[in-house]
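S.K.: Sequence and computational prediction follow.
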Amino acid sequence: MDFNLTTEQQQIRDEIKKVCREFPDAYWRAIDSKKEYPEAFVRKLSELGWLAALIPEEYGGTGLGITEASIILEEINHSGGVATACHAQMYTMGTLLRHGNEEQKKRYLPKIATGELRLQAFGVTEPDAGSESTRIQTSATRQGDKYLINGQKIFISRVLQSDLMLLLARTTPYDELKDKTRGLSVFIVDLREAKKTLDVKPLDLMINHHTNALFFDNVEVPVENLIGEEGAGFRYIIDGWNAERILVAAEAIGDGRWFVERAAKYATERIVFGKAIGSNQGVQFPIAKAYANIEAADLVRFQASTKFDRKEKCGAEANLAKYLASEAAWEAANACLTTHGGYGFAAEYDVERKFRETRLLTIAPVSNNLVLAYLGQHVLGMPKSY
Ligand SMILES: Cc1cc2nc3c(=O)[nH]c(=O)nc-3n(C[C@H](O)[C@H](O)[C@H](O)COP(=O)(O)OP(=O)(O)OC[C@H]3O[C@@H](n4cnc5c(N)ncnc54)[C@H](O)[C@@H]3O)c2cc1C
């Protein structure tokens, strides 16, 4: 496989770098300390069409592949920014594209492409169902031409900043199912309407992701907002997992590069005991090691995205990329923090902010234990471990 970027892919990288320069460290630091949403950044990316990368041209998007989308997210994180603020649109787009009907696509995609509608919320996790998504209890009960949603979700990000949310809800009780992966359905919830009855409680977390607990009490969703077939929703979500893992991997690669570059620069400039700290192997080697692991993970990421764009099977590569990249980014984060000594804890150096951010990628949207379980079972053929 040839992983050299095409001219167009290199141009995308350069363009994103250019846009990101308008949003320097100080911008992200202020957003983080005030717990704000990077509204100006997301609006700018939408106006330039970058968030519509995965929307086909016939619906007003740019019709790019997962490789290009991953480059966009990577460069945002590489610049010191936080792609999570706007990545959900790319993560979730596939569900609507693959399983939505023509009317739904025409209704939503062109407006999402222009930024008129924002789809940055994805509601799956519940207090008693995180990694085990098939255990969710939030119910959708059909009543005439609408579904009534009841239940609770937790850790659902950007609900207050989005117009639309993709929601996984139960349409058949768990105990009535032979196949436990059935009985769940995906809906597009128009939050502009739903927010009138949906109770959204922001959570105070270690990172600024606008994450909430949601309480549904007879929230109405019209039947025309059901995506695909009732009861087949979990399958639709699984269909999106490879794309999601590749995109997370790219975000982690971006973070990893940021940490390595900052660490190498600081290690070269900081003088202690009369010499640059980076001239000590104890400082230099952890940075070089993290760099090596990021470069290796990046190759697997491009292998996964190339296969994905060729519509080849890529479950193994996508999971490997997610695992290797998020672990390498976390290694780089630690090397960077250690290199900065006490200054690593000072907000003005941005290391502590990125350190907190990158830690999430080993846990969410899927924990690395579950990624290892995939590799153990589906790639190495061992028994199911959960
Ligand atoms: C900042 C943030 C934003 C989020 N945004 C969203 C969002 O927008 N939408 C959404 O739906 N969710 C969101 N989440 C939720 C996230 O996807 C879950 O936290 C994640 O999937 C893990 O679920 P859990 O927290 O319930 O952990 P659990 O499932 O309770 O797992 C706890 C730990 O046990 C491990 N574990 C569990 N079972 C096994 C096993 N069989 N073998 C080995 N290890 C195991 C897990 O790997 C994990 O480390 C967000 C979370 C955070 C922190």
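M.R.: Cool, got the structure.
S.K.: List the contacts of the residue of the stretch 1-150 of the chain found nearest the ligand.
M.R.: Ranked by CB to the nearest ligand atom, the top residue of the stretch 1-150 of the chain for proximity to the ligand is residue 130, at 1.6 Å. To be clear about C-beta, it is placed using only N, CA and C from the backbone, and glycine gets the same treatment. Applying CB atoms under 8 Å, 6 or more residues apart in numbering, we find residue 130 in contact with residue 155.
S.K.: Look up how far residue 366 lies from it.
M.R.: Computed with CB to CB, to the nearest Å, the distance linking residue 130 and residue 366 is 10 Å.
S.K.: thinking residue 13 is in contact with residue 71, fair?
M.R.: Yes: with contact defined as CB atoms under 8 Å, residue 13 reaches residue 71; the gap is 5.3 Å.
S.K.: Which one's more surrounded, the two?
M.R.: Here residue 13 and residue 71 are compared on neighbour count by other CB atoms under 10 Å; more neighbours surround residue 71, at 26 against 17.
S.K.: Are we agreed that the more buried one is in a strand?
M.R.: No: per DSSP: H, G, I helix; E, B strand; the rest coil, residue 71 lies outside any strand segment and is helix.
S.K.: Would you map the strands across the stretch 151-300 of the chain?
M.R.: 164-170, 184-190, 199-202, 211-222, 226-227, 271-272, 275-276 (DSSP state E, counting those that start in this stretch).
S.K.: pLDDT score assigned to residue 93?
M.R.: What the model reports as pLDDT for residue 93 is 83.
S.K.: and what of the one 3 residues further on?
M.R.: Residue 96 carries a pLDDT value of 94.
S.K.: And for it, the neighbour number?
M.R.: Neighbours of residue 96 under the rule other CB under 10 Å: 25.
S.K.: Spit out the residues that contact residue 13 and residue 71 alike.
M.R.: Joint contacts of residue 13 and residue 71 (CB under 8 Å, 6+ apart) are residue 5.
S.K.: how about residue 216, what does it touch?
M.R.: So residue 216 contacts 138, 149-153, 198-199 (CB under 8 Å, 6+ apart).
S.K.: Show me just the buried residues among those residues.
M.R.: 138, 149-153, 198 (16 or more other CB atoms under 10 Å).
S.K.: now, among the residues you listed, which is nearest to residue 6?
M.R.: For the buried ones among the contacts of residue 216, the residue nearest residue 6 by CB to CB is residue 153; the value is 40.0 Å.
S.K.: and the closest one, what pLDDT?
M.R.: With respect to pLDDT, residue 153 has a value of 98.
S.K.: Can you get me a residue count around the nearest residue to it once chain neighbours are set aside?
M.R.: Nearest non-adjacent residue to residue 153, counting by CB to CB, 6 or more residues apart in numbering: residue 214, 4.2 Å away. Counted with other CB under 10 Å, residues neighbouring residue 214 total 26.
S.K.: can you pull up the bridge partners for residue 214?
M.R.: Here residue 214 sits in beta bridges with residue 153, residue 200, going by DSSP bridges.
S.K.: So which bits of stretch 181-197 are buried?
M.R.: Those would be 182-191, 194-195, for stretch 181-197 by 16+ other CB under 10 Å.
S.K.: Revised request: answer the last question for stretch 209-226.
M.R.: For stretch 209-226, by 16+ other CB under 10 Å, it's 209-216, 219-221, 225-226.
S.K.: For the protein, which residues are neighbours of the ligand?
M.R.: With CB under 6 Å from any ligand atom as the criterion, the chain comes near the ligand at residues 122-125, 130-131, 155-157, 205, 207, 209, 211, 360, 364-367, 369-370, 373, 385-386.
S.K.: filter those to the buried ones?
M.R.: 122-125, 130, 155-157, 207, 209, 211, 360, 364-366, 373.
S.K.: which residues touch the residue nearest to residue 153?
M.R.: Per CB under 8 Å, 6+ apart, neighbours of residue 214: 123, 152-154, 156, 159, 198-201.
S.K.: Can you list the neighbours in contact with stretch 226-242?
M.R.: For stretch 226-242, using CB under 8 Å, 6+ apart, the contacting residues are 91-92, 94-96, 98-101, 104, 124, 133-134, 142, 147, 166, 168-169, 171-172, 181-188, 304, 308, 314-315, 318, 366.
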